[in-house]
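Asks: Starting from these lines, generate the structure:
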Amino acid sequence: MRLFLALETPEALAADLLATLPALPAIPAHGGLRPVPAAQCHLTLRFLGECDVDSAARIVTAMATLAPREIVLTVQGTGRFRPRQGAVLWAGLAPNAALDALRQDVDVALAMAGVAADTRPFKPHLTLARCGPAVPEAVQRQWLSRTAALATPAWQAQRVVLFESQLHATGAVHRIHATSALHNG
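Replies: Sure, this is the predicted structure:
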């Protein structure tokens, strides 16, 4: 199983964010702009990669140790990552001490479950689209310029979700494997 821990984004908010993306003519699947489905827009807390059934069970047990807390999130600006080919367009999140504390708690819980530490810096963001090589640099820069000050109403994260990501030719499909509530009640 290919697993990751995340916070969900309200679907209406995700739809509003996706509506900011540039409108481009249809281009073959991996050459153009591929928006993330609104229902799959999320904030990754920790990518876990391939896990066996026993590891997944330990991760679910570790999730149960996370302390309830209130995490209110707000989108602040946009950016892009530049992997080997194309780009990933994303919406950033405003600095958030509660989110940072949750990420630290997740790391501790996962370490106790036998999951190796993640040495990459945590860059809280919501992936909005992947750009293939056919998406012009000028279009990406225009979007980044137009959305640099993007902000949204705040929303409260409801739960930490362990997602299983299944890769298909048409893109990834995320299935909920387990959840852990962030607040009591």
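
Asks: Could you use CA atoms for every contact and neighbour count after this?
Replies: OK.

Asks: mind listing what the residue nearest to the spatial centre of the chain touches?
Replies: Centroid-nearest residue in the chain: Leu43, 3.1 Å away (criterion: Cα atoms, centre = their mean). Neighbour list for Leu43: 6-9, 124-127 [criterion: Cα atoms under 8 Å, 6 or more residues apart in numbering].

Asks: contacting residues for the nearest residue to Ala172 once chain neighbours are set aside?
Replies: Of all residues not flanking Ala172 in the chain, Gln166 sits nearest, at 5.5 Å (Cα to Cα, 6 or more residues apart in numbering). Listed by Cα under 8 Å, 6+ apart, the contact set of Gln166 reads 1-2, 172-175.

Asks: pull the CA atoms of the longest helix anywhere in the chain into PDB?
Replies: Identified as the longest helix of the chain according to DSSP state H is helix 97-112. Presented in PDB, the C-alpha positions along helix 97-112 are these (Å, rounded to 0.1, in the frame of the first residue of the first chain):
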ATOM      1  CA  ALA A  97       1.800  27.000  15.300                       C
ATOM      2  CA  ALA A  98      -0.900  24.400  15.900                       C
ATOM      3  CA  LEU A  99      -0.200  22.800  12.500                       C
ATOM      4  CA  ASP A 100       3.500  22.800  13.300                       C
ATOM      5  CA  ALA A 101       2.800  21.100  16.700                       C
ATOM      6  CA  LEU A 102       0.600  18.500  15.000                       C
ATOM      7  CA  ARG A 103       3.300  17.700  12.500                       C
ATOM      8  CA  GLN A 104       5.800  17.200  15.300                       C
ATOM      9  CA  ASP A 105       3.300  15.000  17.100                       C
ATOM     10  CA  VAL A 106       2.800  13.000  13.900                       C
ATOM     11  CA  ASP A 107       6.600  12.500  13.600                       C
ATOM     12  CA  VAL A 108       6.900  11.300  17.200                       C
ATOM     13  CA  ALA A 109       4.000   8.900  16.900                       C
ATOM     14  CA  LEU A 110       5.300   7.500  13.600                       C
ATOM     15  CA  ALA A 111       8.800   7.100  15.100                       C
ATOM     16  CA  MET A 112       7.200   5.100  18.000                       C
END
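
Asks: Sounds good, over and out.
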